[in-house]
Each structure stands twice: as C-alpha cells, then as structure tokens.
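Undergrad: Next come a sequence and a model predicted from it.
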2 protein chains.
Amino acid sequence: MASSIHDLARHLNISIGTVSRALNGRADVNAETRQRVLEAARKLNYSPNQSGRSLRKGATHSIAFMLQPHPGDQQYGEPFFIPFLTGLQARLAEHDLDLMVVMGEPGQYQPERLRRVVETRRADAVVLANTRREDDRIDYLSKAGFPFATLGRSQSGGDAYPSLDIDFERAGEEAVDRLVARGHRRIAAIRPSLDLNFGYLFLDGYRKALKRHGIEIDPGMIADGFINETGGYQVTPRVMLSRDRPTAIIFNNDAMALGGCKALAEMGIRPGHDIAVIVIVDTPLCRYFSPALTAFRPSLEPMGRRLAEMLLASLPAFAGPEGTHIIREVWPLELVARESD
Amino acid sequence: MASSIHDLARHLNISIGTVSRALNGRADVNAETRQRVLEAARKLNYSPNQSGRSLRKGATHSIAFMLQPHPGDQQYGEPFFIPFLTGLQARLAEHDLDLMVVMGEPGQYQPERLRRVVETRRADAVVLANTRREDDRIDYLSKAGFPFATLGRSQSGGDAYPSLDIDFERAGEEAVDRLVARGHRRIAAIRPSLDLNFGYLFLDGYRKALKRHGIEIDPGMIADGFINETGGYQVTPRVMLSRDRPTAIIFNNDAMALGGCKALAEMGIRPGHDIAVIVIVDTPLCRYFSPALTAFRPSLEPMGRRLAEMLLASLPAFAGPEGTHIIREVWPLELVARESD
DNA sequence: CGTTTTTCCGTAAACGTTTACGAGAACACA
DNA sequence: TGTGTTCTCGTAAACGTTTACGGAAAAACG
C-alpha cells in the first residue's frame, strides 16, 4: 500500500538520494531524471511519509489551535470558532500545514494541555484564542520559546508574538456614540467577569466615549457577570434596579445579552421599545432573537486566514527572504443595525 | 531544550535500549534501574519525540476529524460540532491521541482533503460527520483500507465501520405522534435537499407515523430545500400554498426552520398560534427564537466520547484482548417542549 | 561443582526521510 | 594534454524512537 522513497528508487534503478532531490525540486538533478521520478511517483502513488520527514527536518508541519471552552457551556459552544477555523485551516493547508485542535479544560486557562503539544513536539506552533488579560498559556509558551500567535491581545508576554484582535474599544465607543446620538444618557455596560481581555478593552471604549460626551461615569451602570445566559440573566437586574434606571444597555457578549433580555422581559421591559440594546459581538442568535439585536459583526473567516499568515510570517521556516517579522493587527467591527436599539 | 533518550542514557550511563524499555514499562528491566530512569526523565524534563516514535511504530497517534461545511454557511458554522468535538477529544486524549481537523471544501463531499491525510499517513484513523446517503468519502476510505468511523449512517461502505447516529426516524415518528395527539392531520415535512442521510431517515419516520395514524401521505406536504435559512425561507411557502394548508410543520434542520418561520411571519402566520412547528435538531437558536421552538435535542458531548470509544474498539492497536469489534449505535433524541407547537 | 534457568542489559537494525560530502563524467579553456 | 569547472549522482549519516537478538551475570537446581 504505502510506497516509500526506496520503492521509487528501486523501480527506477537510481539512488534514494536522487529521488529525494528530484522530488524536492533541488537544482542538482538532471531534468530528464526528475521527469522520470515524478512520473514514477505518480504511477506508484507515492507521497512522502510525514513522520519520516518530520523526524529528519525537526518540524511536524502542523499547527495546534487551542479551543478553550467556557465553563457551563455544555450544550453548545461558540459558533464563533467554526468560520475562524475554516479560514485558518484554509491558509495553513496552502502551506501543507495541518491543523491540530487541542481543547482546554473548560474554564481553566492553564497551559497543561499545551504542555503535551510542546514537549512532545507535536506541532510547530500554537494559535491561542480567548486570551485573558493575564494569560498563563502565553507566559508558558513565551518562556518555553515555543512559537505562537493569538486571536485577541493580552498583557502577558509583551508584544513579541503575532496577534490579531477585534477592536472592542472602538466598538464600545461607537455603541455609546450611536446611543447618545439617539438621545440616551443613561447607558449601562454589561461584560463578562472573567479576566478575558476583550472585557477590558470594551470598557475602555465605553468610558472614553462617555467622557467625550461629557457624561459622568456611574459605577452602578457597569456590571460583570458569568459569561453565559445565566450570567446575563442574573446581572442585568442589578443594573436596572439602580437609582436612576438606564435607558440603554450594551452587552459585551451575545449569550449574556440573551440572558439579559430574558430578565428584562420578566420585568416587563421590551428591548427596542422601553430600552435600547446593543451587542458587541454578533452571532446568529442576535439575528434571530426577537426583537433582532443590533450588533457589531466581525469577519471571522478572513480573520482566520490573516492570523495564519501572520503566524507564518513569524516562523523562520516560512518567512520570506526578508526574514521573520511580528505582525499585530486590530480589525474593526461592522455595525449591523437591527431592531433592538 | 529538547532532551532525547540519548541524553537520558548518557546521564545515567546506561544504554538507550534500557532507557526506552524502562520508560515503556517493559518487564525485562530491573526495578531499581527503572526508578532511576523515571526520576532522570522527570529531572531532565524528558518526553518522547512524537515523530521518532511515529516513524518507528508506524502510527501517528492522532485521529483526524473531517469537518464538512455546508455551502453558503459563511458567517457561522454549526454550533453542533463544538460540544461533539469536546467529547471526542476528551476521550481520545485519555489514550494519548491527538485530534486533527481537516475541513472539506464547502459543500463538496469529496475525498480530496482526506487523501492527503491518508496518503501521507498523518493520522491513524478518520472520523467523518455529515454523512450522505451515498458518500464518496466513505467509499474512498473503505477502498483504501483506512480505518474510520462516522457520525451518522450512510448506505456507502456497508456496515464494516463503526458509526454513531441519532435516531432521526424515531424523532420523525414522535414529532408526528405528538402533533396528531394534539389534533393535527395536515402535517408538512421540510428537509434539506442535499443527499444527507438524516433527511431520508427523518422522512421514513414521518411517513411511517402518518401511515400508522391512517393519514394519507400527501406529496404536497413534503418539500426539500437548501440547508440554510434561505432554503427554509424559499420552500416553506410552497407547502403553505398547497390546496389544503398544513396546520403543522416539522423542520428537519434548525436553520431551515428559522428561514421558514420568517416566511410564515411574512404571510401573517404565527408559529404556536396559527401553526404548530417542531424542529428535529435543537440548537440554541431554537431556544432563543421567538416563539421558542419545540425541538428534539441530542446529547452531543457524550456522543463525541462514545464515538471515540467505538472507533478505538475497532482499531487493533487499541482494542482490548478480546480483539477488535465494529460497533454501530443509534441514539435517541430528547424532546424539549417549548412554545411553537 | 556443573548445568540450566532467569534476570537484566547492551548492541544494532529499522522506520522513511533529507542532506553534506565526495566522486565520476563531461565539458571548457589554456 | 593538463587543469579547472560544471553537472549529476551515489554514499552514508542523521533525526529519535522501539525492539529482536544475544550474551553476561546471577540465581536456581541437581
């Protein structure tokens, strides 16, 4: 079944060295010989054994992606990642790289699962998502000198690694701007209580915009909750029961928004009528919720492709002749106006 | 950084053969020697190089999962797969197996992407999802003699491989039963037009139940559409405009149900009031749609774990002493009654 | 003490590649 | 013809493991 480079050599009556050189497009092989080798390879259905190649080259030709489930996210995960993975994998495949998925312990942002990948050298680099402000995984990878890139920024590890993030700060600003323009002055912000970095960025933008509009920042308008429906459901009333009720809420997460809307419904408050609601990251849930939720939408699949490029540019084995370079980018979100604000 | 088995041997002044045997728990090594080796391994932070081991053993210790995007599914993928993957990966990790993700060309159910994995021996086995009734990928893998398991059944490849499926037939029946019990006699069925196997199973169950209730099967009550919102939106009116309007619709897919409900809304027909709606596979979208859609829910994470077990049981390298065996299972769905029926 | 068995370990080959090195042949140049 | 250059290829080592084989030492047995 599996034909090796030896089979080719025997079949053609030449040495394996020549076969290998012919296959790898090296210069020091006769044009006619190369032709014969390529034909034989096709005829014998040869393709190089990955393990052999990896061993010799010291590279596995595969990239690991760490998928970090939130706790209490049992039934369905974030739809966020499928299109991102599609893009990531597509670009990696162009460079003959495989994608490995390593899943974290739900809610545990620890490098344990990563350790295996790094120590047994199962991947050449790692892509991290769901970055926290202080991220043990980033610390671990930097210290280990293992190449990686992140979807999302962090305060860990400096800026010595490629990262691609969404501009949550700007989205927070724009959300406030939009609400202020529509006459709102009491605007609440609800975000996840985890150390997830985007929660900080969002709040920065929110605060900045309020300040710009001369609106005093009321701590009672800001609440953190568990990053799922339950969290939104629990924390939204806290904001609504403050002395001076908000007339608008910005949710930093779709699941929390859904839970929050449920709480609002139970209080007889209708989004889009009695209160304005904006969600920072759009998902299909926002589109199909009733009322449909106004939200900021990322372009996930292009982001996946781009992050792959950025990672590759940082790897000596794939960087162009100009050498490696660390790229960090922040992409804007696109507002999708619907019915809730 | 990377300490090899040679480093250990040198450090302990013994041969690499002994080190390897000690590490792999073979019998012919002195207890005290083994102790010393294990300690040194820990001290030198040794872990075996995966490529070297793979090459020698002829096994990669990784399993590939083929994620097959639907066409026109750009923005968000099926949330279905994340929890399934979580379970799959969890069980595989217990056996020190990695999970590789290979994505198909959107909508193209062809073995091209698989070929690379098989031919370069990047994985020891493959897990397929989204099985079609006639599935080229299954044909290819069987013919190649490459081990695989499927999430979902198919008519291809006989039953020589492990498969785990959801009981769509029974769900179709139960949906009809439930609707009949509530007085419905005109029940429509809407399913994807692709060759996806579950569409057939669902329809079998639907027909069977109608027959059992003595209800004549009206071809005008059955419609196929593209497997996304647009498809549901386009095809639902076809069913509603038939001579004798249905009083209930069963959707075989959540996205199609959402599109269908949009079409219904535009016709002034309210699910839960003017028409009953049941969805066969539940997703968060069903829960948060308004009205919340009654749906049948699978237990994805356990299914992932189970399929991993079934696959492993079919592999000589992992089967117990009783030898390998092919397991095929069909799991029930759980009805989640909400507001739409 | 001699023989057999057991215990433990070293040796070396093998897995399938890639690549540094060197050598033979052909060719060019003087 | 002698020398240097270029083209092409074979040889063999190396990557890090695992494991079949054999042998030395120790233990068991008569």
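TA: Good, I have the coordinates.
Undergrad: start to end distance for stretch A:4-23?
TA: End-to-end distance for stretch A:4-23: 12 Å, by CA to CA, to the nearest Å.
Undergrad: Please spell out which residues along that stretch are buried.
TA: Applying a neighbour-count criterion of 16 or more other CB atoms under 10 Å in any protein chain shown, one finds A:5, A:7-9, A:11-12, A:14, A:18-23 buried in stretch A:4-23. Heads up, the C-betas are built off the backbone N, CA and C, glycines and all.
Undergrad: In a markdown table: the residues you listed, plus pLDDT, secondary structure and distance to A:V37.
TA: Shown next, in a markdown table, are these (pLDDT from 0 to 100; DSSP: H, G, I helix; E, B strand; the rest coil; distance: CB to CB, whole Å):
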| residue | pLDDT | secondary structure | distance to A:V37 |
| --- | --- | --- | --- |
| A:I5 | 95 | helix | 10 |
| A:D7 | 94 | helix | 12 |
| A:L8 | 94 | helix | 7 |
| A:A9 | 95 | helix | 9 |
| A:H11 | 95 | helix | 10 |
| A:L12 | 95 | helix | 6 |
| A:I14 | 95 | coil | 8 |
| A:T18 | 96 | helix | 7 |
| A:V19 | 96 | helix | 6 |
| A:S20 | 97 | helix | 9 |
| A:R21 | 96 | helix | 9 |
| A:A22 | 96 | helix | 4 |
| A:L23 | 96 | helix | 6 |
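Undergrad: give me the subset of those residues touching DNA strand D.
TA: Among these, the residues that sit close to DNA strand D (CB under 7 Å from any atom of the strand) are A:I14, A:T18, A:R21.
Undergrad: what's near enough to touch A:A93?
TA: By CB atoms under 8 Å, 6 or more residues apart in numbering or on different chains, the contact set of A:A93 is B:R113.
Undergrad: The helix or strand it falls within versus helix B:81-94: what angle between them?
TA: Element membership of A:A93 [criterion: DSSP states H and E] is helix A:81-94. Here the directions of helix A:81-94 and helix B:81-94 differ by 60 degrees (axes from the mean of the first three to the mean of the last three CA atoms, to 10 degrees).
Undergrad: Render the CA-only coordinates of helix A:81-94 in CSV, please.
TA: The C-alpha coordinates for helix A:81-94 follow below in CSV (Å, rounded to 0.1, in the frame of the first residue of the first chain):
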residue,chain,number,x,y,z
PHE,A,81,-14.9,29.5,16.0
ILE,A,82,-16.1,27.4,13.1
PRO,A,83,-15.7,30.1,10.5
PHE,A,84,-12.5,31.3,12.1
LEU,A,85,-11.1,27.8,11.9
THR,A,86,-12.2,27.5,8.3
GLY,A,87,-10.1,30.4,7.3
LEU,A,88,-7.2,29.4,9.5
GLN,A,89,-7.2,25.9,8.1
ALA,A,90,-7.6,27.1,4.5
ARG,A,91,-4.5,29.2,4.6
LEU,A,92,-2.4,26.7,6.5
ALA,A,93,-3.4,24.0,4.0
GLU,A,94,-1.9,26.1,1.3
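Undergrad: what's the offset of that helix from the middle of its chain?
TA: Distance of helix A:81-94 from the chain centroid (CA atoms, centre = their mean, to the nearest Å) equals 11 Å.
Undergrad: Mind listing what's buried along the helix or strand following that helix?
TA: Sequence order places strand A:98-103 as the next helix or strand after helix A:81-94, per DSSP H and E. Across strand A:98-103, burial judged by 16+ other CB under 10 Å covers A:D98, A:L99, A:M100, A:V101, A:V102, A:M103.
Undergrad: Likewise for stretch A:132-141?
TA: Buried, per 16+ other CB under 10 Å, within stretch A:132-141: A:R132, A:R133, A:D135, A:R137, A:I138, A:Y140, A:L141.
Undergrad: Ends of it, what's the gap?
TA: 14 Å.
Undergrad: do the same with stretch A:3-23
TA: Start-to-end, stretch A:3-23 (CA to CA) is 14 Å.
Undergrad: sorry, back to before: cross the buried residues of stretch A:132-141 against helices and list the overlap.
TA: A:R137, A:I138, A:Y140, A:L141 (DSSP state H).
Undergrad: Just flag the most distant two among the residues you listed.
TA: Farthest apart among these by CB to CB are A:I138 and A:Y140. That separation is 7.2 Å.
Undergrad: which residues of the stretch 101-250 of chain A fall in strands?
TA: Assigned by DSSP state E, counting those that start in this stretch, the stretch 101-250 of chain A shows strands spanning A:125-128, A:148-151, A:163-166, A:187-192, A:222-225, A:248-251.
Undergrad: So which residues on the stretch 151-300 of chain A come close to chain B?
TA: Residues of the stretch 151-300 of chain A lying close to chain B by CB under 8 Å from any CB of the partner chain are A:L258, A:T283, A:P284, A:L285, A:Y288, A:F289, A:S290, A:R297, A:L300.
Undergrad: For those residues, give me a markdown table that also has pLDDT.
TA: Converted to a markdown table, these look like this (pLDDT from 0 to 100):
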| residue | pLDDT |
| --- | --- |
| A:L258 | 89 |
| A:T283 | 86 |
| A:P284 | 82 |
| A:L285 | 82 |
| A:Y288 | 82 |
| A:F289 | 84 |
| A:S290 | 83 |
| A:R297 | 94 |
| A:L300 | 92 |
